[in-house]
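A.B. asks: Can you look at this prediction? I've put the sequence above it.
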Amino acid sequence: MSSAPPPPPPILNTSLALHRTLLDFLTVSIHTLLYTRSLYPPDTFITARAYNFPVRQNRHPSVCNWVNSTISSISPLLQNNNVARVIFVVYSEHLEVMERYLFDISRFPIVDPKEKMTEFEDASRGLPNIVDIEEQLRATIRRLDYTSSKLSPLPENCTYTVAVELRDEALPPIGHPQPWVPSDPNLQVGKGGERLGEDVGGVRTTPVRLVDAGDFVVEMWVEEGRAKVDECG
């Protein structure tokens, strides 16, 4: 029996398509980082495929539920044009910032949520990028895997979370239940990305890759915190 064919590459011709492609990419990226940074034992991961490339996925139901819930919580913020960056943060057992993996999407187009399924008027935004976006995302996951695996090892018992940086004009999310809480003061930023917290920016920065496919523009890099450099080198 042959396996099912892979899903077709995305057509990035609507705001909704951009957001769905990003959320899928973030899901793969988080599982990749959980594996490469040894946040869980290697035997808790299985090999899956994404973008026609082998990737690691944690198989523990609680971990998968946490990742899926986090991604679902990001979705409404994206639709309301609130997100400038998504950040995967690794903490020591003493809650010191070890590493931050930043996904900058500040160049995504701002589209009225009511128009999320309306096709872009400029055809060059979506259709020519069908194959290109899959190639770029595949190369980015490969690069993220390589870059994160080459960093110095983390101390034992690290934990992690996902944070978002809002656009300057965005209002903080409110409602009940509320899946988001304010970041620690040492990770706060001001308007225009102004550094307010002492851990913003880290002490060592490593670029990962820029994905540039029409309106789908994601820049990625890693920041290593002072606490990690002082403890692990």
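C.D. replies: Sure, I can see it.

A.B. asks: Poorly predicted segments of the protein, please.
C.D. replies: By pLDDT under 70, the weakly predicted segments of the chain are 1-10, 122-131, 170-202, 231, 233.

A.B. asks: mind running it again at 90?
C.D. replies: 1-15, 17, 52, 95, 112-134, 166-204, 212-215, 225-233 (pLDDT under 90).

A.B. asks: what are the phi and psi values for Phe25?
C.D. replies: Taking degrees, to the nearest 10, you get phi -60, psi -40 for the backbone angles of Phe25.

A.B. asks: Now it: closest residue in space that isn't a chain neighbour?
C.D. replies: In space, Phe25 comes closest to Leu137 once its chain neighbours are excluded; the distance is 5.6 Å by CB to CB, 6 or more residues apart in numbering. C-betas here are computed from N, CA, C, even on glycine.

A.B. asks: what helices or strands is the helix or strand encompassing that neighbour leaning on?
C.D. replies: For Leu137, the element it lies in under DSSP states H and E is helix 130-150. Helices and strands touching helix 130-150, by 3 or more CB pairs under 8 Å, 6 or more residues apart in numbering; DSSP states H and E, are helix 15-36, strand 45-50, strand 53-58, strand 204-213, strand 216-224.

A.B. asks: Nearest to Val97, out of the ones you listed?
C.D. replies: strand 216-224 (8.5 Å; CB to CB).

A.B. asks: Which strand residues bridge the residue lying closest to Gly225 once chain neighbours are set aside?
C.D. replies: Leaving aside its sequence neighbours, Gly225 sits nearest to Val97 (CB to CB, 6+ apart; 4.0 Å). Assessed by DSSP bridges, Val97 has beta-bridge partners Tyr91.

A.B. asks: Please give the number of neighbouring residues around Val97.
C.D. replies: Other residues lying near Val97 total 23 when counted by other CB atoms under 10 Å.

A.B. asks: Same check on Glu93?
C.D. replies: When neighbours are counted by other CB under 10 Å, Glu93 comes out with 10.

A.B. asks: follow-up on the earlier one: in CSV, list the helices and strands packed on helix 130-150 along with distance to Arg167 and mean neighbour count.
C.D. replies: Converted to CSV, the helices and strands packed on helix 130-150 look like this (distance: least, CB to CB, whole Å; neighbours: other CB atoms under 10 Å):
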stretch, distance to Arg167, mean neighbour count
helix 15-36, 15, 21
strand 45-50, 28, 14
strand 53-58, 30, 18
strand 204-213, 19, 16
strand 216-224, 14, 20
